[in-house]
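**Q** let me see the structure of the following:
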Amino acid sequence: MSMLLNKRKIEKILPLLIFAGVLCFGRGALGQIILDTTPTVSRGEVLISELLFDPAVGGADYVELYNSSSLPVDLGQLFLVRWEGGTMRRFHPLPQGQMLAPQHYACLTTDKAWVMTHYTVCDTGSLHQLASMPPYPQGSGTVLLALADSTVIDRFDYDVHMHSPLLRDSKGVALERCSFWGDSGQPATWTSAASSAGFGTPTCANSASLGTMGGTLISLSSTLISPDGDGYNDQLVITYSLPQDDMFARLELYDAAGRCVRSLFSGTLATQGQMVWDGRDNSGQALPAGSYLLLVRTSPSAGRRYWETNRFTVNIWK
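**A** Sure, this is the predicted structure:
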């Protein structure tokens with residue numbers, strides 16, 4: 001007898017296996033245990049992060065993925081699926097043997113050279129050329145990410161009207177996810193890639209991590225914090241620029257359960273400045289690895305209802 005165990009299940013049943021092995025030692029009843037250390041992806045663990053569906057003339061579409069889980073993912077498990085007439089029509093495989101690390105991006109296209117020529121690519125090793133991809137119409141369509149058994153991992157029904165109304169021409173402009181907390185199907189989760197980022201950020205953190213709110217500018221040093229004392233991304237630096245002096249602001253961080261784990265600031269601010277978060281909660285304890293929501297609320301005065309809110313996803317990696 002052989003048992004194929006997935007890594008995500010090992011922690012739960014390993015004590016039982018050991019106990020059973022002790023009871024059956026010498027009898028051959030336990031048989032052979034095969035530990036499959038490649039995690040099986042579940043819905044929402046790999047998210048569609050960015051889409052270029054209307055490239056410049058002669059260009060190629062691209063789809064960017066983001067690993068929101070705490071374990072590496074083998075891209076070879078996944079497929080981009082053509083969705084037509086309410087049916088999965090064709091499965092386009094992703095590269096075999098390519099691992100996507102937690103809180104990292106991978107970009108998929110049929111013309112890697114063209115993407116590298118027209119956009120800034122932060123990690124060329126995470127830009128993968130596929131033999132084929134589903135067609136993504138210029139007006140509207142569906143990006144579907146699934147397993148071989150048709151289990152849907154993420155779905156994005158896009159429309160050209162999701163682009164910023166300030167754009168005169170959306171050709172060559174990618175749609176980016178504003179937050180990894182929202183549902184991929186919600187239009188509010190998406191926005192146009194910033195012009196300052198070249199209208200697309202394949203393999204890079206989305207330009208939506210640089211937020212503007214009615215004259216208020218908030219930027220993060222990174223969307224990833226690794227507070228392990230090695231001098232790299234140990235702290236999150238939040239830089240702000242406000243339209244007026246003495247604005248009232250509150251900065252809070254929430255965990256995946258919606259609990260406020262850190263009240264970073266509450267009070268009035270000068271027009272410009274910075275704040276630092278070290279990855280700790282309100283009691284000074286280091287928070288576990290995972291995704292957290294940073295809420296930035298500002299108001300002209302403490303006595304008025306907050307009139308601006310911005311949301312950022314920040315990931316702790318250990």
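**Q** which stretches of the stretch 1-150 of the chain have low pLDDT?
**A** Along the stretch 1-150 of the chain, segments meeting pLDDT under 70 span 1-39.
**Q** show me where it has its strands.
**A** Using DSSP state E, counting those that start in this stretch, the strands of the stretch 1-150 of the chain run over 2-6, 32-36, 46-52, 62-67, 73-74, 78-84, 87-93, 99-100, 105-109, 127-129, 140-147.
**Q** same deal with the stretch 201-318 of the chain?
**A** With DSSP E, counting those that start in this stretch as the criterion, the stretch 201-318 of the chain has strands at 210-213, 216-220, 224-225, 236-241, 247-254, 260-269, 272-277, 290-299, 308-316.
**Q** can you list the strands that the third one pairs with?
**A** Read that as strand 224-225. Partners of strand 224-225 in the sheet, by DSSP bridges, are strand 308-316 (parallel).
**Q** if we can go back for a sec, export the strands of the stretch 201-318 of the chain to TSV and tack on distance to residue 116?
**A** Just so you know, the C-beta spots here come from the backbone N, C-alpha and C atoms, and that holds for glycine as well. Formatted as TSV, the strands of the stretch 201-318 of the chain follow (distance: least, CB to CB, whole Å):
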stretch	distance to residue 116
strand 210-213	22
strand 216-220	25
strand 224-225	23
strand 236-241	29
strand 247-254	35
strand 260-269	38
strand 272-277	33
strand 290-299	29
strand 308-316	26
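**Q** output the ones you listed as a markdown table; include the columns distance to residue 52, mean pLDDT and mean neighbour count.
**A** As requested, the strands of the stretch 201-318 of the chain are exported to a markdown table (distance: least, CB to CB, whole Å; pLDDT from 0 to 100; neighbours: other CB atoms under 10 Å):
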| stretch | distance to residue 52 | mean pLDDT | mean neighbour count |
| --- | --- | --- | --- |
| strand 210-213 | 19 | 44 | 16 |
| strand 216-220 | 23 | 78 | 18 |
| strand 224-225 | 23 | 88 | 21 |
| strand 236-241 | 28 | 88 | 18 |
| strand 247-254 | 31 | 88 | 19 |
| strand 260-269 | 35 | 91 | 15 |
| strand 272-277 | 32 | 90 | 13 |
| strand 290-299 | 25 | 85 | 19 |
| strand 308-316 | 21 | 81 | 20 |
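**Q** please enumerate the helices of the stretch 101-250 of the chain.
**A** Assigned by DSSP state H, counting those that start in this stretch, the stretch 101-250 of the chain shows helices spanning 112-118.
**Q** any idea how far residue 293 is from residue 171?
**A** To residue 171, residue 293 is 33 Å away according to CB to CB, to the nearest Å.
**Q** repeat for residue 97
**A** For residue 97, the distance to residue 171 equals 35 Å [CB to CB].
**Q** and if you look at residue 102?
**A** Going from residue 102 to residue 171 by CB to CB gives 34 Å.
**Q** more neighbours: which of the two?
**A** Between residue 102 and residue 171, residue 102 has the larger neighbour count (other CB atoms under 10 Å), namely 20 against 13.
**Q** domain ranges for this protein, per the record?
**A** Taking automatic domain parsing as the criterion, the chain consists of the domains 2-36, 46-208, 214-316.
**Q** need the winner for burial among those.
**A** Comparing the domains of the chain on average neighbours per residue, with mean count of other CB atoms under 10 Å, the densest one is domain 46-208 at a mean of 18.
**Q** work out the gap between it and the centre of the chain.
**A** Computed by CA atoms, centre = their mean, to the nearest Å, the chain-centroid distance of domain 46-208 equals 11 Å.
**Q** hey, what's the most centrally placed residue in the chain bridged with?
**A** Central residue of the chain (CA atoms, centre = their mean): residue 66, 4.1 Å from the mean position. Using DSSP bridges, the beta-bridge partners of residue 66 come out as residue 47, residue 105.
**Q** roughly how far does it sit from residue 120?
**A** According to CB to CB, residue 66 stands 17 Å off from residue 120.
**Q** determine how far stretch 262-278 lies from the middle of the whole chain.
**A** On the basis of CA atoms, centre = their mean, stretch 262-278 sits 25 Å off its chain's mean C-alpha point.
**Q** just the pLDDT for residue 228.
**A** With respect to pLDDT, residue 228 has a value of 87.
**Q** now it. Nearest residue, chain neighbours left out?
**A** Of all residues not flanking residue 228 in the chain, residue 318 sits nearest, at 6.3 Å (CB to CB, 6 or more residues apart in numbering).
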